[in-house]
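In: Below: sequence and its predicted model.
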Amino acid sequence: MQRVALPILADVPERPAGGAPDDARSPDEKLAELELVLRRYVEEGALVAFSGGVDSAFLVWAASRAADGAGRLVAMTTTSASTPAPDLEDARAFAAALGVEHLLVESHELDSEEYRRNDAERCYHCKADLFSLARDVARERGLAWILYGYNASDRHDVRPGHRAAAEAGVQAPLAAVGLEKEEIRALMRSRSLALADKPASPCLSSRITTGIPVDRGKLADVAAMEAILRGHGVTACRARICEAGSSWFFRIEVDPVDMDRVLACRLELEREGKDRGYRWVTLDLGGYRTGGGVV
């Protein structure tokens, strides 16, 4: 039953009400426009792909406001070995607080050889699997639309997953109304919404350097190392698997203000890494940065 009659909103230039320049609108004005856009979706039934991150959380919240007791809204979160455990917990808690129906659906990206290859197209294959599952759920539930949290700031990044969304007819209403990442965070803070200040949290596969094959064992290794870091109060962290010759090692990225916390648990990290077969556990003095697993 999924509809594709409307244009893919992520590819439509933003047109503010009244023809004002896009940068002249306040975040609240964009939110008002977003709610109008979302109302037509939830009236016919909408499924939101909900990762537990900031953007999709905001989209679920805005869609629930647009529904206002009418229409149909379902949030769907996929689970797999690549799903960070804190994201799953955040998604459950956020949806429960809103009273939004929340489905957990097991994904199958690790069954794909193209995904496991871990080349520059990994995110495309991941999102293709996600949206295939979403399409099945939407059809079963009689929901007409699938939405996801791509925003206007994401236009500046290389996003293979967005290509998969466009191919699947998935809508990106945050980008359509011109909402950028920091505007979304500001709107969430002003309404005391949980997750407003949550650091970016892509899947665990993003910690495995491009070209090193992804498997469940490596994902479990990453999860174990990052659990140690979180246990010592480090919030934004990446335990990246890197390769040197025939050896694998961990390169830990954290915000520079948290480096002392890493050093405080260095023996625990080193023991865990070596027990799991890694030659070294290193601390990247450059600190945390997005895209650090791409070579």
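Out: That came through fine.
In: how about the helices in the protein?
Out: Secondary structure of the chain (DSSP state H): helices at 27-44, 54-67, 85-98, 113-117, 122-141, 160-168, 173-176, 181-190, 216-231, 259-264, 266-275.
In: can I get those helices in CSV with mean neighbour count and mean pLDDT?
Out: For glycine as for every other residue, the C-beta is placed from the backbone atoms N, C-alpha and C. Compiled in CSV, the helices of the chain are given as follows (neighbours: other C-beta atoms under 10 Å; pLDDT from 0 to 100):
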stretch, mean neighbour count, mean pLDDT
helix 27-44, 19, 97
helix 54-67, 23, 96
helix 85-98, 17, 97
helix 113-117, 16, 97
helix 122-141, 20, 96
helix 160-168, 19, 93
helix 173-176, 27, 97
helix 181-190, 17, 98
helix 216-231, 18, 98
helix 259-264, 14, 97
helix 266-275, 15, 98
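In: quick one, what contacts Lys181?
Out: 54-55, 151, 153-154 (C-beta atoms under 8 Å, 6 or more residues apart in numbering).
In: now do 7 Å
Out: Lys181 makes contacts with 151, 153, as judged by C-beta atoms under 7 Å, 6 or more residues apart in numbering.
In: What distance do you get for it to Gly149?
Out: To Gly149, Lys181 is 10 Å away according to C-beta to C-beta, to the nearest Å.
In: quick check: domain ranges of this protein?
Out: Under the assignment automatic domain parsing, the domains of the chain span 9-190, 204-283.
In: out of those, which comes closest to Lys198?
Out: Of all the domains of the chain, it is domain 9-190 that lies closest to Lys198, at 5.5 Å by C-beta to C-beta.
In: Distance from the chain centre to that closest one, please.
Out: Between the mean C-alpha point of domain 9-190 and the mean C-alpha point of its chain there is a distance of 9 Å (C-alpha atoms, centre = their mean, to the nearest Å).
In: Arg289: which of the helices of the chain is closest?
Out: Across those, the minimum distance to Arg289, taken as C-beta to C-beta, is reached by helix 259-264, at 14.0 Å.
In: May I see the helices of the chain organised as TSV, with distance to Val105 added?
Out: Formatted as TSV, the entries for the helices of the chain read as follows, by distance: least, C-beta to C-beta, whole Å:
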stretch	distance to Val105
helix 27-44	20
helix 54-67	14
helix 85-98	12
helix 113-117	17
helix 122-141	5
helix 160-168	15
helix 173-176	22
helix 181-190	25
helix 216-231	18
helix 259-264	35
helix 266-275	31
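In: Mind checking those for the one nearest to Thr290?
Out: The stretch from the helices of the chain with the least distance to Thr290 (C-beta to C-beta) is helix 181-190; that distance is 11.6 Å.
In: and the angle from the closest one to helix 54-67?
Out: For helix 181-190 against helix 54-67, the angle between stretch directions is 60 degrees (axes from the mean of the first three to the mean of the last three C-alpha atoms, to 10 degrees).
In: Is Leu229 in contact with Cys237, as I believe?
Out: Yes - between Leu229 and Cys237 there is a contact at 4.4 Å, judged by C-beta atoms under 7 Å.
In: shared neighbours of these two, anything?
Out: Contact with both Leu229 and Cys237 is made by residues Val254, according to C-beta under 7 Å, 6+ apart.
In: circling back: looking at the helices of the chain, which is nearest to Val74?
Out: Minimum separation from Val74 across these (C-beta to C-beta) falls at helix 122-141, 6.2 Å.
In: Mind giving me the packing neighbours of that closest one?
Out: Packing partners of helix 122-141 (3 or more C-beta pairs under 7 Å, 6 or more residues apart in numbering; DSSP states H and E): strand 46-49, strand 73-79, strand 101-106, helix 113-117, strand 145-147, helix 160-168.
In: Please list the outside residues in contact with it.
Out: Residues from elsewhere that reach helix 122-141, judged by C-beta under 7 Å, 6+ apart: 1-2, 47, 49, 74, 76, 78, 103, 105, 107-109, 112, 114-115, 146, 160-161, 163-165, 168, 170, 203, 205.
In: 6 Å - rerun?
Out: Here helix 122-141 makes contact (C-beta atoms under 6 Å, 6 or more residues apart in numbering) with 1-2, 47, 49, 76, 78, 105, 107-109, 112, 114-115, 146, 160-161, 163-164, 168, 170.
In: next one: stretch 193-205
Out: Outside stretch 193-205, the residues within contact range by C-beta under 6 Å, 6+ apart are 53-54, 57, 82, 84, 87, 94, 185, 188-189, 214, 219, 222, 235-236.
In: how about 8 Å then?
Out: 51-54, 57-58, 61, 81-84, 86-87, 90, 93-94, 97, 115, 118, 122, 126, 185, 188-189, 214, 219, 222-223, 235-236, 290.
In: Good, we can wrap up now.
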